[in-house]
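> here is my input; please provide its structure:
(2 chains)
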Amino acid sequence: MKRPVDIPRLAFAFFKFYCKKNRFEELHGDLEEYFYERVESKGMVKAKWFYVRDVLRCCQPYAWKTPHIYQNSNIIMFKNYFKTASRSALRNPLSTFINLFGLSLAIGVCITIYAFYSQSLNTDRHHVNKDSVFLTTMYANRDGGVKQYGMSPLPLATYVKDEVSGIVNTCRVDDHGVVIRLNDQAFYEDVRLVDPAFMEMFTFPIKWGNAKALEDLNSIIISEYVSEKYFGTENPIDKEVLLVFKSGEKKYFKIAAVAEDFPDGAEIRFDFLINYENIEVARTTYNPNDWSAFVDATFVQVESPENVWSVKSGLGKYKSLQNEVNEDWKITDFDMVSLHDLYLASENIERAISSDKHKPGRVILPFIGVFMLALACFNYLNMAINSVAKRLKEIGVRKVMGADKRRIMIQFLAENVFITSFALLFGFFLGVSLFIPWFEGISGDSYTIKLTDQLFYTFLLGLLMITGIASGVYPAFYISKFEAVKIFKGKIRLGNKSWLTKSFLAFQMILAIITITGAVLFIENTNYQKERNWGYDQADLLYLHTFSEESYQQMKAELEQLPEIETISGSAHHVARISRSTVVENLEEKIEVSELQVEPGYLKTLGVNMNAGNYFTPNLQNAAKEIIVNETFLTQMNLDDPLGQKLSIRDQDYLIVGIVQDFHFSTFGTLIKPTIFSAVGQESLRFITAEVTFGKEIETFAEVEAIWDKLYPEIPFDGNLQANVWDGYFALISNFARFNKSVAGVAVILAMLGLYGLITLNLSGRIKEFSIRKTLGANASHLGKIISKEYWWLTAITLVFGAPLGFYAAKFQMDIVFAYPIDMGSRYIIIPVVILLLLMVTVLLTQLLKVMKFNPVKGLRSE
Amino acid sequence: MGRAQIGEFEELVLLTVGVLYDDAYAVAIAKELENQSGRAVAVSAVHKSLYRLEDKGMLESRLGDPESKRGGKRKRLFNITPYGKKALDESLDLRSKLRNQIPELAFKFNS
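Numbers count the residues shown, from 1 in each chain, chains lettered A, B, ... in the order given. Just a heads-up that it's a prediction; the model follows:
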């Protein structure tokens, strides 16, 4: 096959590349014949061009080489397997549908779980410097146990930058609540004060403007979300916003940059960024060398992440500096947590800049994924074993033609993987278009599957293999055992495996009842939580938060005029809103408690029950040294006879004068903390709590809001009906219930499909029997008895095992999420049982109906 | 096999193979078709049809002798098989049958 002299080199090589060996001679002969003719008639140059055109035109399947793999007998065999697989799939649409649908559902669920997991594990890992940027954390012993805290001493960043080697950059982060004024409107927002290095250490791409602008004290960077919220699609660069800090100071800032939307799930993000030096405006008492003060977070970027230990030991010397001035918060040690690890570690770090909210999901979701896959695989197993009767001849022929046991197994496994890959495709679309949006609706976060994520493909492949093989290995093994001679003699007796298929079915039913129990319990629990006693009369209370002592006095005076307001009292802190953390000690114990500084009448207004003792002495002079404690406080301090006991707080002696019953300071998701009430000084009064005449709450609240807007049009109103403060929490727990309901729905669909498929197959094998019974006069109840006979003991076993299992599974799940779950009585076992029984009876009835309508003549005639 | 199904171009190629009896190979067929129909015919299109017809069993083939005008390469010569003839006949029958059923009126043009 040497190249003739004048033929263009490249085109010839290409032709040789694609052309079949055994057609090369005739085809190239044709081309050459044309070529030489054209050389004569049109000249060499044109002939060459025509030759190139012909080579390209001939590049068609008839001339192509057959790739080697097509000649491999294994491949040819596999092609045949797929052909028979698709044919037998099309011949049994019902079982194919059940298999495909079930597997797709399960795979869709798994893909959703993958999206959740991948996002959760990769939270805040998009930063380029994630391995070299560290959060400095500190350990402190506040109440007998050493805990890790995410904040750090205020001056740490400035000191380490100069004194510790190996540090490239430092950045302080401090969050402040401010009032933002824009277009004559006022809003409460959080502003993040950071050093300019923030934008270098973290990766936050800029949409408009310049990130360097943060070096300017008067510049502000906003997020794309904020930009859209306040300015729509307009470019807000160079616009001015007025910030009113808690200190009362006001300052104008110029928008210098807009940061692009943060990646899904990013935990470290911001709405507004300003230079940290503005702290002097934000906090009047600011002192850069005050080691007793804290900053919300200090990040350092180190030269080499491997040597972070040397930086860490360099921090050690600041312990003594801090310990000297802050008795209450003695730091025992410093630690560094890299940005890469921060999110997952934040579960154990108190007051960290990020918090791991995915933990319960990461515990529970894998179980659900495995449940669903197991359900779908069992369906497949049952279908495969029961439909083998229709394919006995095929297996016999294959065996006669020389297929051994291994080949038959491979065939059925390959078939399985083939069907599973379809399910994978459907499941992917189901997951992306249905389950993920649904899951987003429930969790409130957004999740995406990135098609560039290589791990995802590995995951899909793994899913395909595991599902395909797990569901196929047994049927393949079972089918491959048949002997060809027996098949052709008709001696194979099927149906002796019914105990196996039934135990699969029983297992599915058990899984179904577990999920149903979970759903029922969560729904009941949601209602229970809504009804739960808060420990005080939240129904007729309203509160509002004022911004200064004067505004407090002014609003109080206004509110006292309203006839609907019955009692009124003031406080520095407020239940369900804010408290302060204090350390209380006596000779034996030392614990950290929540402290609320309140006026004597506050507890009465709340309606908290007193167990013993009294409210404060009205005389402020005495009251200053008195505290009221709750029951949890007593148990934690081990106080038997608490009234009159002395305790040390902030190095001063306090006297317990009263004991209140436990009440819920925060939502039912957290345990009640030890709490103390102390008297408040006039200058710290901020919250007004008022008891309103029953039934007038909403009108009165509107009135209060109107008064506020008249007095302080430039400050947003911050107050609420006490009964509404946990609306967000209740929405969250109803979402838990919704989630469990949906999971149960999918599991029940899968189990019922399995039951339906099994009964259908069973009945189709007994058509003759039923036809004879019908002609001999069997009626509906008789047939129903016969059909359902073999399923009753199955149901019994399911219920005996499933109901308690479901009960404990739900309890386990509930204990993770709720601190005060519903008291689970036996009726919560009965409800799921009834639901499952009803569903099973429905499935059986549909089948019975089919048998009743069936014409026995047809059944007897068919062969 | 059911009715022999061939496309229009395939039918032309099949006919030309018959016309060129004993010297029917791709280049000759392409040229003959060009001459008879007056439209340009790519040799690759002829190749495609020839191999398809052979797969269908309407043509059979053998290799001829090497020729210098082909750079010393042999050519593949095609012959019609009985099945090929049957396909041609059926196609022709169908056409003439249809043609004969057209009423005279349909051809009475006004002009």
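
> please make it C-alpha for all contacts and neighbour counts, starting now.
Noted.

> pLDDT below threshold where in chain B?
B:1-4, B:111 (pLDDT under 70).

> show me where it has its strands.
Here chain B has its strands, by DSSP state E, at B:59-63, B:76-80.

> pick the most deeply packed of those strands.
Of those, the one with the most neighbours on average (mean count of other C-alpha atoms under 10 Å in any protein chain shown) is strand B:76-80, at a mean of 22.

> other SSEs contacting that strand?
helix B:8-19, strand B:59-63 (3 or more C-alpha pairs under 8 Å, 6 or more residues apart in numbering or on different chains; DSSP states H and E).

> so which of these gets nearest chain A?
strand B:59-63 (8.2 Å; C-alpha to the nearest C-alpha).

> name the nearest residue to residue B:15, ignoring sequence neighbours.
Leaving aside its chain neighbours, residue B:15 sits nearest to residue B:88 (7.7 Å; criterion: C-alpha to C-alpha, 6 or more residues apart in numbering or on different chains).

> before we move on, the earlier item: please identify which of the helices and strands packed on strand B:76-80 is closest to residue A:521.
Distance to residue A:521, taken as C-alpha to C-alpha, is lowest for helix B:8-19 among these, at 72.1 Å.

> that closest one vs strand B:76-80, what angle?
90 degrees (axes from the mean of the first three to the mean of the last three C-alpha atoms, to 10 degrees).

> list the helices and strands helix B:8-19 packs on?
helix B:26-37, helix B:43-56, strand B:76-80, helix B:82-101.

> most packed of these?
strand B:76-80 (a mean of 22).

> now do that strand and helix B:26-37, the angle between them.
50 degrees.

> so what are the sheet partners of strand B:76-80 and their directions?
strand B:59-63 (antiparallel) (DSSP bridges).

> of the strands of chain B, which approaches residue A:732 most closely?
So among the strands of chain B, strand B:59-63 is nearest, using C-alpha to C-alpha, at 75.7 Å.

> what about residue A:682, how many neighbours?
Residue A:682: 16 surrounding residues under other C-alpha atoms under 10 Å in any protein chain shown.

> list the contacts of it.
Residue A:682 makes contact with residue A:549, according to C-alpha atoms under 8 Å, 6 or more residues apart in numbering or on different chains.

> distance of it from residue A:627?
Residue A:682 is 17 Å from residue A:627, where distance means C-alpha to C-alpha, to the nearest Å.

> contacting residues around whichever residue of the stretch 701-850 of chain A sits closest to chain B?
In the stretch 701-850 of chain A, no residue comes nearer to chain B than residue A:764, which is 35.4 Å away by C-alpha to the nearest C-alpha. Residue A:764 is in contact with no residue at all, counting by C-alpha under 8 Å, 6+ apart.

> distance check, it against residue A:563.
Distance, residue A:764 to residue A:563, using C-alpha to C-alpha: 78 Å.

> now do whichever strand or helix holds residue A:835: distance to the chain's middle.
Residue A:835 belongs to helix A:827-853 when assigned by DSSP states H and E. Centroid displacement of helix A:827-853 relative to its chain, using C-alpha atoms, centre = their mean, to the nearest Å, is 34 Å.

> quick one: average pLDDT of stretch A:580-592?
The pLDDT scores in stretch A:580-592 average 84.

> try stretch A:240-254
87.

> measure that stretch end to end?
First-to-last residue span, stretch A:240-254, C-alpha to C-alpha: 5 Å.

> residues of that stretch that come out buried?
Neighbour-count burial for stretch A:240-254 flags A:240-246, A:248, A:250, A:253-254 (criterion: 16 or more other C-alpha atoms under 10 Å in any protein chain shown).

> give me the contact list for it.
With C-alpha under 8 Å, 6+ apart, stretch A:240-254 has contacts from A:176-182, A:218-220, A:237-239, A:255, A:281-284, A:547.

> what is the burial count for residue A:67?
For residue A:67, using other C-alpha under 10 Å, the count is 9.

> then residue A:848?
21.

> give me the nearest residue to it, chain neighbours excluded.
residue A:784 (6.0 Å).

> what secondary structure does the one you found sit in?
helix (DSSP: H, G, I helix; E, B strand; the rest coil).

> which stretches in the stretch 401-550 of chain A count as strands?
A:541-545 (DSSP state E, counting those that start in this stretch).

> do the helix or strand where residue A:11 lies and chain B meet?
Secondary structure assignment for residue A:11, by DSSP H and E: helix A:9-18. No. Using C-alpha under 8 Å from any C-alpha of the partner chain, helix A:9-18 stays clear of chain B, coming no nearer than 12.9 Å.

> before we move on, back to that, count of residues packed around the residue nearest to residue A:848?
Applying other C-alpha under 10 Å, we find 18 residues neighbouring residue A:784.

> equivalent analysis for residue A:662, please.
With other C-alpha under 10 Å as criterion, residue A:662 counts 22.

> now swap in the one 10 residues further on and tell me
Taking other C-alpha under 10 Å as the criterion, the count of residues near residue A:672 is 19.

> repeat for residue A:559
The burial count for residue A:559: 20, using other C-alpha under 10 Å.

> mind listing what's buried in the one helix or strand it maps to?
Using DSSP H and E, the element containing residue A:559 is helix A:549-561. Applying a neighbour-count criterion of 16+ other C-alpha under 10 Å, the buried positions in helix A:549-561 are A:551-553, A:555-556, A:559.

> okay if I get the residues you listed as TSV plus distance to residue A:103?
TSV is the format used below for the buried residues of helix A:549-561 (distance: C-alpha to C-alpha, whole Å):
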residue	distance to residue A:103
A:551	63
A:552	63
A:553	66
A:555	63
A:556	64
A:559	63
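
> quick check, nearest of those to chain B?
Comparing these against chain B with C-alpha to the nearest C-alpha places residue A:551 closest, at 92.6 Å.

> how much space between that closest one and residue B:56?
Going from residue A:551 to residue B:56 by C-alpha to C-alpha gives 97 Å.

> try residue B:64
Residue B:64 is 22 Å from residue B:56, by C-alpha to C-alpha.

> is residue A:678 in contact with residue A:628, as I believe?
Yes. Counting by C-alpha atoms under 8 Å, residue A:678 touches residue A:628, with 6.7 Å between them.

> looking at those two, which one has more neighbours?
Comparing residue A:678 with residue A:628 by other C-alpha under 10 Å, the one with more neighbours is residue A:628, at 26 against 22.

> tell me which element that one is part of?
strand A:626-630.

> could you give the mean pLDDT of that strand?
Rounded mean pLDDT across strand A:626-630 is 88.

> given it, what are its sheet partners and their directions?
Determined by DSSP bridges, the sheet partners of strand A:626-630 are strand A:652-660 (parallel), strand A:675-679 (antiparallel).

> so where's the longest strand in chain A?
strand A:167-182.

> could you list the buried residues of it?
A:167, A:169-176, A:178-181.

> closest to chain B out of these?
residue A:169 (69.7 Å).

> quick one: pLDDT of residue A:69?
The model reports residue A:69 with a pLDDT of 62.

> so what's the closest residue to residue B:66 other than its chain neighbours up against?
Distances taken as C-alpha to C-alpha, 6+ apart put residue B:74 closest to residue B:66, at 4.1 Å, once the chain neighbours are dropped. Each residue near residue B:74 by C-alpha under 8 Å, 6+ apart is listed here: A:25-26, A:29, B:63-67.

> got a quick PyMOL command for the buried subset of these?
The following PyMOL line selects those of those that are buried, judged by 16+ other C-alpha under 10 Å:
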select buried, chain A and resi 25+26+29
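
> which ones among the contacts of residue B:74 lie within helices?
In this view, those that belong to helices under DSSP state H are A:25-26, A:29.

> got JSON lines for those, with pLDDT too?
Output for those, formatted as JSON lines (pLDDT from 0 to 100):
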{"residue": "A:25", "pLDDT": "88"}
{"residue": "A:26", "pLDDT": "88"}
{"residue": "A:29", "pLDDT": "90"}
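
> no more questions from me, cheers.
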